[in-house]
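Peer 1: Pasting the sequence and the predicted model now:
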Protein chains: 4
Amino acid sequence: MSAVRAGQVVRERFESAALKDNAAGDPAVRTVPIYLPPSYAEQPARRFPVCYVLSGFTGRGTMLLNDAPWSPPLDRRMDLLIARGGGEMILVLPDCLTRYGGSQYLDSTATGRYEEHLVGELVPWVDRRYRTQAERDHRAIAGKSSGGYGALIQGMRHPDVFGAVASHSGDLYFDYCYRADVPKLCSALQRAGGLKPWLEAFEVALQKKHDDLTVLNMIAMAACYSPNPGAPLGIDLPCDLESGAFRDDVWRRWLAWDPLQVLETRADALRSMRLVYLDCGIRDEWHLHHGARFFSRRLHQLGIDHEHQEFDDGHRDVGYRYDVSLPKIAAALGA
Amino acid sequence: MSAVRAGQVVRERFESAALKDNAAGDPAVRTVPIYLPPSYAEQPARRFPVCYVLSGFTGRGTMLLNDAPWSPPLDRRMDLLIARGGGEMILVLPDCLTRYGGSQYLDSTATGRYEEHLVGELVPWVDRRYRTQAERDHRAIAGKSSGGYGALIQGMRHPDVFGAVASHSGDLYFDYCYRADVPKLCSALQRAGGLKPWLEAFEVALQKKHDDLTVLNMIAMAACYSPNPGAPLGIDLPCDLESGAFRDDVWRRWLAWDPLQVLETRADALRSMRLVYLDCGIRDEWHLHHGARFFSRRLHQLGIDHEHQEFDDGHRDVGYRYDVSLPKIAAALGA
Amino acid sequence: MSAVRAGQVVRERFESAALKDNAAGDPAVRTVPIYLPPSYAEQPARRFPVCYVLSGFTGRGTMLLNDAPWSPPLDRRMDLLIARGGGEMILVLPDCLTRYGGSQYLDSTATGRYEEHLVGELVPWVDRRYRTQAERDHRAIAGKSSGGYGALIQGMRHPDVFGAVASHSGDLYFDYCYRADVPKLCSALQRAGGLKPWLEAFEVALQKKHDDLTVLNMIAMAACYSPNPGAPLGIDLPCDLESGAFRDDVWRRWLAWDPLQVLETRADALRSMRLVYLDCGIRDEWHLHHGARFFSRRLHQLGIDHEHQEFDDGHRDVGYRYDVSLPKIAAALGA
Amino acid sequence: MSAVRAGQVVRERFESAALKDNAAGDPAVRTVPIYLPPSYAEQPARRFPVCYVLSGFTGRGTMLLNDAPWSPPLDRRMDLLIARGGGEMILVLPDCLTRYGGSQYLDSTATGRYEEHLVGELVPWVDRRYRTQAERDHRAIAGKSSGGYGALIQGMRHPDVFGAVASHSGDLYFDYCYRADVPKLCSALQRAGGLKPWLEAFEVALQKKHDDLTVLNMIAMAACYSPNPGAPLGIDLPCDLESGAFRDDVWRRWLAWDPLQVLETRADALRSMRLVYLDCGIRDEWHLHHGARFFSRRLHQLGIDHEHQEFDDGHRDVGYRYDVSLPKIAAALGA
């Protein structure tokens, strides 16, 4: 282990204009860890490609660096990959966490302007502050779960900014991954007496239960996909809390954000990528392997080069997949 | 306990013409227990109202008489209710079980003609064979879960035959109760290599796992709601096994059998009932309490008298609810 | 299926002197189903061997005849085994259920005289009433779980009465199978305010939860293994409810009833058997496979012929094992 | 939030002589985070009391600083407590993790000399390197779960070193907290073909399952409480893998390490403490609330001042309890 050259992590404090006074009341100042590879300090003139790594639901960049007994933090993984011959990249680990557990890396009147924060603020700031190769062909975006979603979506929306995309178990095919939880959302909020009382009770609870996180996830998705400034907390829910009924009108607004639908108008973005990588466990608890297969099949139909892998596991504890994707990304970016 | 007068159970062997050579290969000869109340033998000229009690998924009439440590079998429940002053009725406990775990009490080319068996065969046969009050105003239909579904549907389809309906936790609002299991069905059948291999593996397994029963339930619903003689096993599934995609066309065929949709064209049937009773636990694992509320709300809108009760529990172990419904049914039938 | 000759089940009503005014307040009159094999009626002079089949915890004989979708009731199993060439036996299905969920088929001042009921009352009564081969070499005892325990114990205690023993997943090695639940018992009773309030709350609950049955099981075992007329409900518990401490003195009384200890003084009983059969699933949730292995190893050391089988499953849904044991029993009894 | 003065965390790299060439092959160099309170930098002459905070099973000091969405890391908790008027302390967060998931903070020939590392190495090193109040009356030890065990044990063994002790849900009353898992340990290792193959399979598994961690925990406890240089991996297990039998001789060696037994010879150590605090959730999944009550009762009998609190929750997500204990510790140390 001692032979592995170590990169350096700088924990930047970033004051976001985009997130100032955001609707959810979340802080505008965020800690953004930046991983600088071993050669960054040693070769002061050299420029490096950059990969933005997006956290999953209830996560933020700093948590990718958490210590754990059997799974190395992302900086350590990168050190080891480089030691094994992988290309050297800068990693940027944004914090787009919200009161609701996540932003899906989108702009929303109910949460804040997280797409703008990520693409409009962080990218140019990183390029100014660090020795990056500041072109889209040397800039990637990757992530897991909601972070994988963010990577796919932002890659499709900003091919001028990102030249490679990797999505691990990303949110896809909303009919399979979210819809089953609508009745649970509805029952829980009805029992609590509404969205606001549910949220307040959740926030003061010392322990957050598994079922509560299922409900919070659905609230977060509604905040991201179907915001409505006129609704309670600015969020239209996919069910009517009074009657309990499924709301097709709201659901259609969610579907417009399903990467499978976005792909139909943004295929050229992915066609232009140096790498499109997506994977999923075939026992994914949210059935995301189906979505990954559809997406891959559609890419094939569209004649878009990509890599689609499957693993014999589920949605959790898949940090090891970065060992698969990061070397590919580095290679694609010419690192 | 010894003071309670006991009715008598006759286990009839019924050879069904309707079920002869049924597509699923299930027996045409069925055991149909008939409960005769205490006065039946004592008063040889008296005629009695009749209640058909339908079993839930994987059940048949004989199972309603199973012995259990804390929950009396249906005949004993009826004895006790009568001892407490409830009216005396004949109970008929049909067997509409299929290879797939159930028939939903419908005619289907994939399973058999269970509606015909129930309404066209059993009812007249019981009326010929026993001293019944052989008019719809003295004939009820009741059940739990899939049996509650069967009671509601057959009540709506045959108001000439049934004059009272009781549904305990009946299948309702398919969007909430079934749809979440489509991806599970799809994954399981894909892993097994198709519907037939899955079913064969299930049938030889010594122990049936909880997840397997979820899959079987979905197969059964497909067999009942979307049969197709041209498809494997005569069943159109709500997902495409090749692509994994949800099949909207099949789903719409399911929805046509949702009691909420059936109600729109059969409201008069329920309006004519002497009793419409429905209930559900507010923690129902299949979210059926939402469906029961919608149904009740729609009945209110349509000006249809009914009783809607909620209990603070889930979907299982709710045999005690017959203690609530059976006396109401007996009263409604003039017992 | 129609070719299978069917035996007959007589549901006897047995008024027990041994159980009269038993301490737990359970009924002295019990329903005891008797299975008579197909030839019983056809050959009116022929006598048949008898097998007593003991139910598991919360069970009684009638429940072995319950209808179920994929597991035939015991009488049907026996018909099928005979059709395949198995010997014909009478099966007696005792009811030794108590308020606490079971009696372990023992005499106890806290429950009642169930050993006396079984061995002293039922056996001679069956022999008087039916055409049995009324010698120990033609009489077996078998069962599953607590019934397997009962079979082993009563076989060891009454080799004059029983000449063959079969135990499926029987309670053995109490250190592994019961001891883990002592702290759960203790916590639950403390929270309820004692044994009596816990039991009263349990009895009125409409649904019995899995955790409640764990507690009830431990109460039952205490009632059977460590009764004490001076204690609340006549039961010494293996923990002190005031301090929460494990009670070694009570535990030692339990261990005296562990078949592994009983064997040390009753080896000759098993040596005299025409069949000693025991089995277990190697994933038994109560770790009973360890106990079965110890018992088998000790039998080997003692030079006692027996059969020990293992199955790759757990404690539940193992009715299929009667298909293994009953033909062996019939053969051993000369049927 | 901005008004809260922040302490500083120094992540020390400590090269341990005690852990050099340890039997488990774990690194001798450890990262030890040291929290310095806000005034440490501002008041360069001032000395501060110190609290050693021990991690639970599978944890190490750095993990107490992990970022999480709803539970602040320990340094942030301390900042907030100080902002609310709590005394300022240095916190030392040792790393005593082993291949087996933990060391229980004991010396063992199977793991290494962790007690020596903690008490003999770290304490004097911290006192040399930082401005501590280097007397036992200004030094505390605290922890959760296995860390709570370590705090209690090391407090009792080294009253010359520590003057205050706090144990959150600490391992206590081994009969209730560990013994139930002996058969699970036994079955798992037998299936794997022994201790070594099990461990090797565990270590390469990408995902560690809940059941695996139960087994690993038992292996770790055996490595700590019943090491034996002559046994495989230097560990005597509490069961015989060949026969499956519980090993009383090994178990007695474990019990000698139960704080309840240690207390009998070390009562004076606790009597001398400025604070003895222990707590537990009354729904602790390992039944540790019983052990905490016994310990508290025994302390009462011995006339030893202490504080015993109970919370209406379980074993997990109890970081909030540091908000209860740390201010008490600070006050007891005169901070």
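Peer 2: All right, it came through fine. Just so it is clear, the model here is predicted, and its values are computed rather than measured.
Peer 1: For the rest of this, base every contact and every neighbour count on C-alpha atoms.
Peer 2: OK.
Peer 1: what secondary structure does A:Leu263 sit in?
Peer 2: Using DSSP: H, G, I helix; E, B strand; the rest coil, the structure places A:Leu263 in helix.
Peer 1: actually A:Ile329, sorry about that
Peer 2: Secondary structure, three-state DSSP: A:Ile329 is helix.
Peer 1: For it, which residues are in contact?
Peer 2: By C-alpha atoms under 8 Å, 6 or more residues apart in numbering or on different chains, A:Ile329 lies in contact with A:Cys51, A:Ala140, A:Ala164, A:Val165, A:Ala166, A:Leu275.
Peer 1: Please repeat the previous calculation with a cut-off of 6 Å.
Peer 2: Not one residue lies near A:Ile329 by C-alpha atoms under 6 Å, 6 or more residues apart in numbering or on different chains.
Peer 1: Look up how far A:Leu91 lies from it.
Peer 2: Counting by C-alpha to C-alpha, to the nearest Å, the gap from A:Ile329 to A:Leu91 is 11 Å.
Peer 1: Output whichever helix or strand A:Leu216 is part of in PDB, but only the C-alpha positions, please.
Peer 2: Using DSSP states H and E, A:Leu216 sits in helix A:210-225. Extracted C-alpha coordinates of helix A:210-225, given in PDB (Å, rounded to 0.1, in the frame of the first residue of the first chain):
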ATOM      1  CA  HIS A 210     -36.400   2.800   5.800                       C
ATOM      2  CA  ASP A 211     -40.100   3.500   5.000                       C
ATOM      3  CA  ASP A 212     -39.600   7.200   5.800                       C
ATOM      4  CA  LEU A 213     -36.800   7.400   3.300                       C
ATOM      5  CA  THR A 214     -39.000   5.800   0.600                       C
ATOM      6  CA  VAL A 215     -41.500   8.600   1.200                       C
ATOM      7  CA  LEU A 216     -38.800  11.300   1.300                       C
ATOM      8  CA  ASN A 217     -37.500  10.000  -2.000                       C
ATOM      9  CA  MET A 218     -40.900  10.500  -3.600                       C
ATOM     10  CA  ILE A 219     -41.200  14.000  -2.200                       C
ATOM     11  CA  ALA A 220     -37.800  14.900  -3.500                       C
ATOM     12  CA  MET A 221     -38.700  13.500  -7.000                       C
ATOM     13  CA  ALA A 222     -41.900  15.600  -6.900                       C
ATOM     14  CA  ALA A 223     -39.900  18.700  -5.900                       C
ATOM     15  CA  CYS A 224     -37.600  18.100  -8.800                       C
ATOM     16  CA  TYR A 225     -39.900  16.900 -11.600                       C
END
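Peer 1: Beyond it, next helix or strand please.
Peer 2: In N-to-C order, the element after helix A:210-225 by DSSP H and E is helix A:248-255.
Peer 1: Just want the angle from that next one to helix A:210-225.
Peer 2: In terms of direction (axes from the mean of the first three to the mean of the last three C-alpha atoms, to 10 degrees), helix A:248-255 departs from helix A:210-225 by 80 degrees.
Peer 1: How far does helix A:248-255 sit from its chain's centre?
Peer 2: Chain-centre distance of helix A:248-255: 21 Å, with C-alpha atoms, centre = their mean, to the nearest Å.
Peer 1: What are the buried residues along that helix?
Peer 2: Along helix A:248-255, these residues count as buried under the neighbour rule (16 or more other C-alpha atoms under 10 Å in any protein chain shown): A:Val250, A:Trp251, A:Arg253, A:Trp254, A:Leu255.
Peer 1: Helices along chain A, start to end?
Peer 2: A:38-42, A:74-83, A:114-115, A:123-129, A:146-157, A:174-177, A:182-192, A:195-204, A:210-225, A:248-255, A:259-271, A:288-301, A:322-332 (DSSP state H).
Peer 1: Contacts for the longest one next, please.
Peer 2: Among residues not part of helix A:210-225, those counted as contacts by C-alpha under 6 Å, 6+ apart are A:Tyr100, A:Ser108, A:Ala110, A:Leu185, A:Ile235, A:Leu237, A:Trp254.
Peer 1: Distance-wise, check the residue nearest in space to the middle of chain A relative to chain B.
Peer 2: Centroid-nearest residue in chain A, with C-alpha atoms, centre = their mean: A:Gly147, separated by 1.6 Å. Separation of A:Gly147 from chain B (C-alpha to the nearest C-alpha, to the nearest Å): 22 Å.
Peer 1: Equivalent analysis for A:Pro73, please.
Peer 2: Counting by C-alpha to the nearest C-alpha - A:Pro73 and chain B are separated by 32 Å.
Peer 1: contacting residues for that residue?
Peer 2: Listed by C-alpha under 6 Å, 6+ apart, the contact set of A:Pro73 reads A:Leu65, A:Asn66.
Peer 1: wait, A:Arg250 sits on A:Ile235?
Peer 2: Careful, residue A:250 is Val and not Arg. No: using C-alpha atoms under 6 Å, A:Val250 is not in contact with A:Ile235; the gap is 10.2 Å.
Peer 1: now, which of the buried residues of helix A:248-255 lie close to chain D?
Peer 2: When the buried residues of helix A:248-255 are checked against chain D using C-alpha under 6 Å from any C-alpha of the partner chain, none falls in range.
Peer 1: just the residues you listed now: which is nearest chain B?
Peer 2: Of all the buried residues of helix A:248-255, A:Trp251 has the smallest distance to chain B: 12.7 Å, by C-alpha to the nearest C-alpha.
Peer 1: Which of the helices of chain A sits closest to D:His117?
Peer 2: helix A:74-83 (25.9 Å; C-alpha to C-alpha).
Peer 1: got the angle for that closest one vs helix A:322-332?
Peer 2: Inter-element angle recorded for helix A:74-83 and helix A:322-332: 60 degrees (by the same axes, to 10 degrees).
Peer 1: CA atoms of helix A:74-83 as CSV?
Peer 2: The C-alpha coordinates for helix A:74-83 follow below in CSV (Å, rounded to 0.1, in the frame of the first residue of the first chain):
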residue,chain,number,x,y,z
LEU,A,74,-13.3,7.7,-3.9
ASP,A,75,-9.9,9.5,-3.6
ARG,A,76,-8.2,6.3,-2.5
ARG,A,77,-9.9,4.3,-5.3
MET,A,78,-8.6,6.9,-7.8
ASP,A,79,-5.1,6.6,-6.3
LEU,A,80,-5.2,2.8,-6.7
LEU,A,81,-6.5,3.0,-10.2
ILE,A,82,-3.7,5.4,-11.2
ALA,A,83,-1.1,3.1,-9.6
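Peer 1: ok, and does it reach over to chain D?
Peer 2: No: residues of helix A:74-83 are not located near chain D by C-alpha under 6 Å from any C-alpha, the shortest gap being 13.5 Å.
Peer 1: mean confidence score for that helix?
Peer 2: When pLDDT is averaged along helix A:74-83, the result is 98.
Peer 1: helices or strands up against that helix?
Peer 2: Of the remaining helices and strands, none touches helix A:74-83 by 3 or more C-alpha pairs under 6 Å, 6 or more residues apart in numbering or on different chains; DSSP states H and E.
Peer 1: what residues does that helix touch?
Peer 2: Against helix A:74-83 from outside (C-alpha under 6 Å, 6+ apart): A:Val4, A:Ala6, A:Leu64, A:Leu65.
Peer 1: which two in the residues you listed are spaced the farthest apart?
Peer 2: Using C-alpha to C-alpha, the pair of the contacts of helix A:74-83 lying farthest apart is A:Val4 and A:Leu64, separated by 19.8 Å.
Peer 1: Of these two, give the one with the bigger neighbour count.
Peer 2: More crowded of A:Val4 and A:Leu64, by other C-alpha atoms under 10 Å in any protein chain shown: A:Leu64, with 21 against 14.
Peer 1: Okay, the more buried one and C:Trp70: tell me how far apart.
Peer 2: According to C-alpha to C-alpha, A:Leu64 stands 49 Å off from C:Trp70.
Peer 1: Please report the distance of the residue lying closest to A:Ala256 once chain neighbours are set aside from chain B.
Peer 2: Spatially, and ignoring its direct neighbours in sequence, A:Ala256 is nearest to A:Val262 (6.8 Å; C-alpha to C-alpha, 6 or more residues apart in numbering or on different chains). For A:Val262, the distance to chain B equals 17 Å [C-alpha to the nearest C-alpha].
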